[in-house]
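Chemist: Sharing a sequence plus its predicted fold:
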Amino acid sequence: MRTRILAILAYTGAALMLVVAVCVPFVLMGTFSNAVAHAGLHIDAAYSGGTIVRTIQHNGYRIEVHQPVQPRLLERIEPFVQIVFEPADALPSRVSDEIDLDGDGRPDVRVCFTMPADPNAPLRGDVTALNATYISLTNVGAESFSRMVVRTGNKIVVRVPLNEGPARH
Amino acid sequence: MASRSSALVRPPAFRGVGRSILLTLPIALWSLLMFTPSFRQAGRDRQIGALMVILFMTSLFFLMMRTGETYRWRRIFFVALGFLFPFGFIAALIAERGTMSIPISRMVSGDTPFCFMVTPSLLLPAAFARTIIFPGSILPTASNPHSIAIMIGIWFAMTLVLGKAWCSYACFFGGIEEGFAAIAKRRRLHRFISRFGAQLRLIPWAILVFVVLASAAFFEPVYCMWLCPFKAVTEFPAVRNLTTAIQMGVFVALFIGLVVVLPFLTRKRTQCGFFCPFGAFQSLFNKINLFEIRFNREKCVDCTLCQTSCPTVALSKESIRDGKTLLNCMKCGACVDACKKDAAVWHLKGTPVAVKPERARLLFLYGAWALATMFGGSVLANSVATMIHWLPWK
């Protein structure tokens, strides 16, 4: 009797598994994808640059200042702060902006770069630290996750390394 | 010599043509359903690709039904998937960015396509810091349709049905080494593998534990960054300093060693059996899967043909004596096909062993082949369309 009940359960399970297989492309994939999308997860700030804390409007373009990113545990990155210039196609041919990163009303860094005519051409630029919290960069391109001046789509992403200790915001 | 001549002998038909066609009909209809969108799309390349895959997958399933063999026909699909996936993937990369390397700018913008192999590395940071340590995007974007949510959704839905069989019906990397393993006529290092099989089987688990802990500690996908052999045939971080040059060297060395040379020498899937942490992780899902391979002890003569034929060393003398496979069995069917006494059988958990094993095989194969057609089939169709697009006379 027990064997029979077990066999009935097994075949019912196998039939259900077939139903699940048929549902995979129509329902299940989407359901699980939505569950992951709504799980409140976020991409590590070392890649995403962290959350935006301030937006500065300029003539035709804006500058987004992100929260400083600190390494976690043994993470192999220097602390940095990300600055994004967008849209890239509205930027002047030569950009030289002094930016207040910590919101105290005084500029903290000067970012300078020349926009190449070809959007796919490599971009290089300079960052001059105007106080001791930040580290200057000279002729930097895509050096590392903490030191970069790169074009990504219609944005220019600049990452400025921080001296030890979090920046004041 | 004897084995070669026996391989040339045509096996007796397992089923009649009519009955085999009838059993293949659901898969043929499913294939048509899966690839109907391709026929609605503009572009003859895609339509031809889809048509070829429908015929390919349906024909292989028909042959499985007709001959009663699983491994032989599955392997054709799997090797095709393994070799055509990198082709289509690399072609897309070259067309899009002109190189196989991922520039840092694309990592920063979340444009790295997500690979399921990295899933175990994400678990601890996601659970404890709600952070995904992968340079992709959670939701699909125009520049990255293979987002984290989409790929994890596909993998988990398929894993519910396949369990560890993911590794023999869906993983587009395993086919590469299965292809190299199929080339050699002789098995070498057989004694070494037999003697140290138990220890070798533990290596993927050790790597899995290391990768999960190291990824949480270093907050980076350690397997992806340092250990994945398949980076050599897909995409890899752009070489820009000594560290990235060493990473590239490790990827190439692991690929040549574990995916090309050792499978060729041993006729085993050495990367899958002795290295892959994702495979070890996937083994855990065998516990909740309803299908397995069992051994009928009344028929078994302990010839160890099954053990020799197993591509991932998922059988030991003790496990055969117990009538079971080990946890890392990926249900490829090699042992069932190799057994001359019909002692190795497909089995549905909860039913008596060796009673209607063909019913268990059919129930498993319908689910597995349907998903292989949906997932691997679409990869194949895409790659075939790319090949047609590149034909010199077009």
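Modeler: Okay, I see it. Residues are numbered from 1 along each chain as shown, chains lettered A, B, ... in the order given.

Chemist: Look up phi and psi at the most centrally placed residue in chain A.
Modeler: The centroid of chain A falls nearest to A:Ser48 when counting by C-alpha atoms, centre = their mean (1.4 Å). When quoted as degrees, to the nearest 10, the phi and psi of A:Ser48 stand at phi -80, psi -20.

Chemist: from memory it sits against A:Gln67, does it?
Modeler: No. Contact between A:Ser48 and A:Gln67 fails when scored by C-beta atoms under 8 Å: they sit 10.8 Å apart. C-betas here are computed from N, CA, C, even on glycine.

Chemist: Against chain A, how distant is B:Val353?
Modeler: Between B:Val353 and chain A the computed distance is 12 Å (C-beta to the nearest C-beta, to the nearest Å).

Chemist: Spit out the contact partners of the residue of the stretch 201-350 of chain B found nearest chain A.
Modeler: Using C-beta to the nearest C-beta, B:Gly350 is the residue of the stretch 201-350 of chain B that sits closest to chain A, at 3.1 Å. With contacts defined as C-beta atoms under 8 Å, 6 or more residues apart in numbering or on different chains, the neighbours of B:Gly350 are A:6-7, A:9-10, A:13, B:290.

Chemist: Show me which of the residues you listed are buried.
Modeler: A:7, A:10, B:290 (16 or more other C-beta atoms under 10 Å in any protein chain shown).

Chemist: picking that back up, give me the element the closest residue to the residue of the stretch 201-350 of chain B closest to chain A other than its chain neighbours is part of.
Modeler: Counting by C-beta to C-beta, 6 or more residues apart in numbering or on different chains, A:Ala10 is the residue found nearest to B:Gly350 once chain neighbours are left out, at 3.1 Å. Here A:Ala10 sits within helix A:2-23, counting by DSSP states H and E.

Chemist: Please point out which parts of that helix sit buried.
Modeler: In helix A:2-23, counting by 16+ other C-beta under 10 Å, buried: A:7, A:10-11, A:14, A:17-18, A:20-22.

Chemist: Okay, now the unreliable bits of chain A?
Modeler: A:165-169 (pLDDT under 70).

Chemist: What is the end-to-end distance of stretch A:94-114?
Modeler: End-to-end distance of stretch A:94-114 (C-alpha to C-alpha, to the nearest Å): 4 Å.

Chemist: meant to ask about stretch B:325-333
Modeler: Using C-alpha to C-alpha, the two ends of stretch B:325-333 sit 12 Å apart.

Chemist: repeat for stretch B:282-297
Modeler: So stretch B:282-297: terminal residues 28 Å apart, C-alpha to C-alpha.

Chemist: and the stretch 1-150 of chain B, which of its residues are near chain A?
Modeler: Within the stretch 1-150 of chain B, the positions adjacent to chain A are B:34, B:103-111, B:125-126, B:129-139, B:143, B:148-150 by C-beta under 8 Å from any C-beta of the partner chain.

Chemist: Roughly how far does the residue nearest to the centre of chain A sit from B:Ile288?
Modeler: Computed with C-beta to C-beta, to the nearest Å, the distance linking A:Ser48 and B:Ile288 is 34 Å.

Chemist: try A:Gly30
Modeler: 22 Å.

Chemist: With B:Leu202 instead?
Modeler: From B:Leu202 over to B:Ile288 the distance is 22 Å, taken as C-beta to C-beta.

Chemist: same question, B:Val17
Modeler: In terms of C-beta to C-beta, B:Val17 sits 37 Å off from B:Ile288.

Chemist: Mind jotting down where the helices sit in chain A?
Modeler: A:2-23, A:29-37, A:45-48 (DSSP state H).

Chemist: and the first one, what does it pack onto?
Modeler: If you count contacts as 3 or more C-beta pairs under 8 Å, 6 or more residues apart in numbering or on different chains; DSSP states H and E, helix A:2-23 packs onto helix B:148-162, strand B:344-348, helix B:357-389.

Chemist: residues of the shortest one that come out buried?
Modeler: Burial within strand B:344-348, assessed by neighbour count using 16+ other C-beta under 10 Å, is assigned to B:344-348.

Chemist: returning to what we had before: possible to save the contacts of B:Gly350 as a markdown table with distance to B:Leu162?
Modeler: What follows is the contacts of B:Gly350, written out as a markdown table (distance: C-beta to C-beta, whole Å):
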| residue | distance to B:Leu162 |
| --- | --- |
| A:Leu6 | 23 |
| A:Ala7 | 23 |
| A:Leu9 | 21 |
| A:Ala10 | 17 |
| A:Gly13 | 15 |
| B:Leu290 | 11 |
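
Chemist: Tell me the one of the residues you listed nearest B:Ala95?
Modeler: Set against B:Ala95, the nearest of the contacts of B:Gly350 by C-beta to C-beta is B:Leu290 (42.4 Å).

Chemist: wait, what's in contact with the residue nearest to the centre of chain A?
Modeler: A:42, B:108, B:110.

Chemist: Of the residues you listed, grab the buried ones for ChimeraX.
Modeler: Filtering the contacts of A:Ser48 down to the buried ones (16+ other C-beta under 10 Å) takes a single ChimeraX command:
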select /B:108,110
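
Chemist: one step back: got the contact list for the helix holding A:Ala10?
Modeler: So helix A:2-23 is contacted by A:28, B:157, B:160-161, B:290-291, B:348-352, B:360, B:363, B:366-367, B:370-371 (C-beta under 8 Å, 6+ apart).

Chemist: Go through the buried residues of strand B:344-348 and name the one nearest B:Cys335.
Modeler: Taking those together and measuring to B:Cys335 by C-beta to C-beta, the closest member is B:Ala344, at 4.6 Å.

Chemist: Quick check, that closest one in contact with B:Ala334.
Modeler: No. Counting by C-beta under 8 Å, B:Ala344 stays clear of B:Ala334, with 9.3 Å between them.

Chemist: now B:Arg359: how far from B:Phe83?
Modeler: For B:Arg359, the distance to B:Phe83 - C-beta to C-beta - is 34 Å.

Chemist: Of these two, which one has the most company?
Modeler: More crowded of B:Arg359 and B:Phe83, by other C-beta atoms under 10 Å in any protein chain shown: B:Phe83, with 17 against 14.
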